[in-house]
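**Q** sequence and predicted model, in that order:
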Amino acid sequence: MKIVLANYRYYVSGGPEIYMFNVKRLLEEAGHTVIPYSVRSPLNEETPFARYFPHGKSESGDAYFDNVKKTPKNVARLLSCAFYNMEAYKNLRRLIRDEKPDVVYVLQQINALSPSVFKAAKDEGVRVVHRLSDFNIMCPRSDFLCDGQICTACIGGDYSKARERRCCHGSRATTEVRVASMKFHRARRLFGCVDSFVCPTTFTASLLEKSGVDRGKVNVVPTFVPTYERRAEPAQGDPYVLYLGRISHEKGVDLLVQAAIDRPGLRLKVTGRTDDEYAKGIMAQVEAADAADRIKFVGFVKGAEKDALIDGAACIACPSTWYENMPNAVLEAYAHGKPAVVFNVGCMPEIVEDGETGAVVPFGDTDALGRAVARYVGDSELSRLHGGNGLALANDRYTARKHLETLTGILQPGGERGDR
């Protein structure tokens, strides 16, 4: 197949882009031709197809709203990207006419490419498949959070609560633009141009159906993760709990740190950048509790350094307090033969089997969280057993081979449905 892979960034900024480059490589290794389509940015990876890329939301090419200077030209671009990016529509039609792909596989498009890309592909008679990397179709904020709490008030198309709470960046104007764009997309039925939707979990698929998408269009294709031909081994040396990911409020890092503070002797290592006020506040909390000798902030890690940290852990804690789409941290834990400890929220009970591949504890309960992680630290055999179960699950359910087989079945004309 010849596949156009569309995403609003063509450089690694987070999990969605990691998936984009991984699936691009996976498809190419299987003999398919993959053509990237994104917006212009100086950060982009090089590609001969960059000549088709439309302008982004700013002259600088910055993808983040807060970093965009609000000049008249940039404001006009922001509005175009939020509602209907005509340049993206025209350029994608030109790309399709020149390259004649079999399918357009769209990842993130909101507020950059816009849903105009769905209409462009449909007008050219090309199959459209859209993978949900977040909840932007259903929620103005894209994360189902309101004042730090889970909220699904807008899922059916009533955005009155979002407007009342100024959900988007705390700004009335920004929220009004986002709500107006979502109403525009619904009125124009732009998401109706999508032939099939891909969701990483059954939980996300259920939310999409609640929003009004036809169940027959919704497929579940879990994210894949590299696994290792080895047995799960207990952590060497003094075992610790590892937090793997971004330090932010919805990730529940403050709750995990409090759980560690409440258990003298429990060692915790926290990855992620520490240059914002939330992270600094947590670090100050650790200092005030005189726990800095056992609760360490190790910064952003990747590659061999990250692998070594996971291998040395007794378990991985992923205490998110929002609806994760499918956290890479859990899959990385499994790939290294480590159990995962999570709260009972969203997709977490779907991907962590309580008492088998980790522990699922009551939502927001720091005492239960602390007991669960401490149990793995204190019982290396249990850590090895549950970690081994996770590794077996990764080698069965979350492999690149299975992902490729299921995804290509959906991408091809008349594509088959994924697992439900």
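**A** It's in. Numbers count the residues shown, from 1 in each chain.
**Q** tell me which residues touch the residue nearest to residue 115 when sequence neighbours are not counted, please.
**A** In space, and not counting its chain neighbours, residue 115 is closest to residue 190: 3.9 Å by CB to CB, 6 or more residues apart in numbering. Just so you know, the C-beta spots here come from the backbone N, C-alpha and C atoms, and that holds for glycine as well. Counting by CB atoms under 8 Å, 6 or more residues apart in numbering, residue 190 touches 115, 116, 118, 119.
**Q** and for residue 170?
**A** Going by CB under 8 Å, 6+ apart, residue 170 touches no other residue.
**Q** repeat for the one 10 residues further on
**A** Contact partners of residue 180, counting by CB under 8 Å, 6+ apart, are residue 83.
**Q** now it: phi and psi?
**A** Backbone torsions of residue 180, given as degrees, to the nearest 10, read phi -60, psi -40.
**Q** give the rounded mean pLDDT of the helix or strand harbouring residue 98.
**A** Using DSSP states H and E, residue 98 maps to helix 86-99. Averaged over helix 86-99, pLDDT sits at 97.
**Q** for that helix, packing partners?
**A** Under the contact criterion of 3 or more CB pairs under 8 Å, 6 or more residues apart in numbering; DSSP states H and E, helix 86-99 touches strand 2-6, strand 33-37, helix 116-123.
**Q** mind redoing it with 6 Å?
**A** Secondary-structure packing of helix 86-99 (3 or more CB pairs under 6 Å, 6 or more residues apart in numbering; DSSP states H and E): helix 116-123.
**Q** for the helix it packs on, the distance to its chain's centre please.
**A** 24 Å (CA atoms, centre = their mean, to the nearest Å).
**Q** export that helix to PDB, keeping only CA atoms.
**A** Extracted in PDB, the C-alpha atoms of helix 116-123 (Å, rounded to 0.1, in the frame of the first residue of the first chain):
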ATOM      1  CA  SER A 116     -10.000  19.900   6.600                       C
ATOM      2  CA  VAL A 117      -7.600  16.900   5.800                       C
ATOM      3  CA  PHE A 118     -10.500  14.500   6.200                       C
ATOM      4  CA  LYS A 119     -12.500  16.400   3.600                       C
ATOM      5  CA  ALA A 120      -9.500  16.700   1.300                       C
ATOM      6  CA  ALA A 121      -9.000  12.900   1.200                       C
ATOM      7  CA  LYS A 122     -12.700  12.200   0.900                       C
ATOM      8  CA  ASP A 123     -13.000  14.700  -2.000                       C
END
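**Q** parallel or antiparallel, list what pairs with whichever helix or strand comes after that helix.
**A** Downstream of helix 116-123, the next assigned helix or strand under DSSP H and E is strand 127-131. Partners of strand 127-131 in the sheet, by DSSP bridges, are strand 103-106 (parallel), strand 196-199 (parallel).
**Q** could you pull up the mean pLDDT of the first one?
**A** I take that to be strand 103-106. For strand 103-106, mean pLDDT is 98.
**Q** for the last one, same thing?
**A** Mean pLDDT, strand 196-199: 97.
**Q** quick one, helices of the stretch 301-420 of the chain?
**A** Assigned by DSSP state H, counting those that start in this stretch, the helices in the stretch 301-420 of the chain fall at 303-311, 328-335, 348-351, 366-378, 380-397, 400-411.
**Q** now find how far off-centre the fourth one is within its chain.
**A** Computed by CA atoms, centre = their mean, the chain-centroid distance of helix 366-378 equals 26 Å.
**Q** who wins on neighbours among the contacts of residue 190?
**A** Within the contacts of residue 190, most neighbours by other CB atoms under 10 Å means residue 115, with 29 neighbours.
**Q** mind checking how far that residue is from residue 365?
**A** For residue 115, the distance to residue 365 (CB to CB, to the nearest Å) stands at 40 Å.
**Q** low-confidence ranges in the stretch 101-250 of the chain?
**A** Residue ranges of the stretch 101-250 of the chain with pLDDT under 70: 227-237.
**Q** returning to that earlier point: what residues of the helix holding residue 98 count as buried?
**A** 87, 88, 89, 91, 92, 93, 95, 96 (16 or more other CB atoms under 10 Å).
**Q** ditto for stretch 136-149
**A** Neighbour-count burial for stretch 136-149 flags 136, 137, 138, 139, 140, 141, 142, 143, 144, 145, 146 (criterion: 16+ other CB under 10 Å).
**Q** cool, and stretch 118-133?
**A** 118-122, 124, 126-133.
**Q** show me which pair in those is furthest apart.
**A** Farthest pair in those (CB to CB) is 124 and 133. Separation: 23.9 Å.
**Q** who touches residue 328 in this structure?
**A** Applying CB atoms under 6 Å, 6 or more residues apart in numbering to residue 328 gives the contacts residue 15.
**Q** hey, where'd the strands end up in this structure?
**A** 2-6, 33-37, 103-106, 127-131, 145-146, 149-150, 196-199, 218-220, 240-243, 268-271, 295-299, 313-318, 340-343, 358-361 (DSSP state E).
**Q** out of these, which is closest to residue 255?
**A** Of all the strands of the chain, strand 340-343 sits nearest to residue 255, with 8.4 Å by CB to CB.
**Q** and that closest one, what does it pack onto?
**A** Short answer (3+ CB pairs under 6 Å, 6+ apart): strand 340-343 packs on strand 313-318, strand 358-361.
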